[in-house]
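Asks: Next one to model:
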Amino acid sequence: MRTLLLPCLLLLAACKEEVAEIPEPTPMTETALSYFCQMNVAEHGGPKGQIHLEGYPGPIFFAQVRDMVAYLKSPERDADILAVYVSDMGAATSWDSPGAENWIAADSAHYVVGAGVAGGMGAPEIVPFGQSAAAQSFMEQYGGALMPLDTIPDDAAIGAVDLDQQLEQPS
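Replies: Coordinates of the predicted model:
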């Protein structure tokens, strides 16, 4: 019986699939660079995003949530996505200081889309909130529509930017 048990245990151990651990959000530092433009993320106002990829030692950061959503919608990625986090703008000190550690899971955030506000890189921003009440309050002041991440339309993130469009800088 013992002779059969050991090979069975070894076989089960070999069949065990490795499950990647979901990484925790990484605090934003002064050295974090935006994935697309390689500019310092902390030097730009508005909400930020970070994506953790399998096989990468740290997250890739985005100076705008709009850019992060564009990356998520893109079929071309460097690796499998393990976790996605966004700034909770309801917990931010201000638009110019979105916070270094107030990250929330992107799939649980409430997004205000089409509010006509400029993100860190000057393009129209998609604004995430941890609480729907904070998102509603933001919409009362700046407009837009409330939606979950998986329903944000492609043109809100990937569409062309009208450089003549007047966008607000929230306070």
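Asks: can we go C-alpha only for contacts and neighbour counts from here?
Replies: Fine.
Asks: hey, what's the residue positioned nearest the centre of the chain bridged with?
Replies: Central residue of the chain (CA atoms, centre = their mean): residue 49, 3.4 Å from the mean position. Beta bridges link residue 49 to residue 62, residue 86 when assigned by DSSP bridges.
Asks: can you pull the contacts of it?
Replies: The contact partners of residue 49, by CA atoms under 8 Å, 6 or more residues apart in numbering, come to 61, 62, 63, 64, 65, 68, 84, 85, 86, 87.
Asks: Tabulate those (a markdown table), appending neighbour count, distance to residue 171 and pLDDT.
Replies: Output for the contacts of residue 49, formatted as a markdown table (neighbours: other CA atoms under 10 Å; distance: CA to CA, whole Å; pLDDT from 0 to 100):
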| residue | neighbour count | distance to residue 171 | pLDDT |
| --- | --- | --- | --- |
| 61 | 26 | 23 | 96 |
| 62 | 29 | 21 | 95 |
| 63 | 29 | 18 | 94 |
| 64 | 29 | 17 | 95 |
| 65 | 28 | 18 | 97 |
| 68 | 26 | 23 | 96 |
| 84 | 23 | 26 | 98 |
| 85 | 26 | 23 | 98 |
| 86 | 28 | 19 | 98 |
| 87 | 28 | 16 | 97 |
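Asks: any idea which of those is closest to residue 161?
Replies: residue 64 (13.6 Å; CA to CA).
Asks: Please report the distance of that closest one from residue 29.
Replies: Using CA to CA, to the nearest Å, residue 64 is found at 16 Å from residue 29.
Asks: again, but for residue 90
Replies: Residue 90 is 20 Å from residue 29, by CA to CA.
Asks: of the two, who's got more company?
Replies: Higher neighbour count among residue 90 and residue 29: residue 90, with 20 against 12, using other CA atoms under 10 Å.
Asks: check which helix or strand covers the more buried one.
Replies: Counting by DSSP states H and E, no helix or strand carries residue 90.
Asks: list the contacts for it?
Replies: Contacts of residue 90 (CA under 8 Å, 6+ apart): 129, 130, 131, 134, 135.
Asks: in stretch 145-163, what's buried?
Replies: 146, 147, 149, 152, 156, 157 (16 or more other CA atoms under 10 Å).
Asks: can you check stretch 101-109 too?
Replies: For stretch 101-109, burial by neighbour count (16+ other CA under 10 Å) applies to 102, 103, 104, 105, 106, 109.
Asks: Contacts for the helix or strand hosting residue 72 next, please.
Replies: Per DSSP H and E: residue 72 is located in helix 65-73. Outside helix 65-73, the residues that touch it by CA under 8 Å, 6+ apart are 36, 47-51, 62, 77, 86, 119, 124-128, 154, 156-158.
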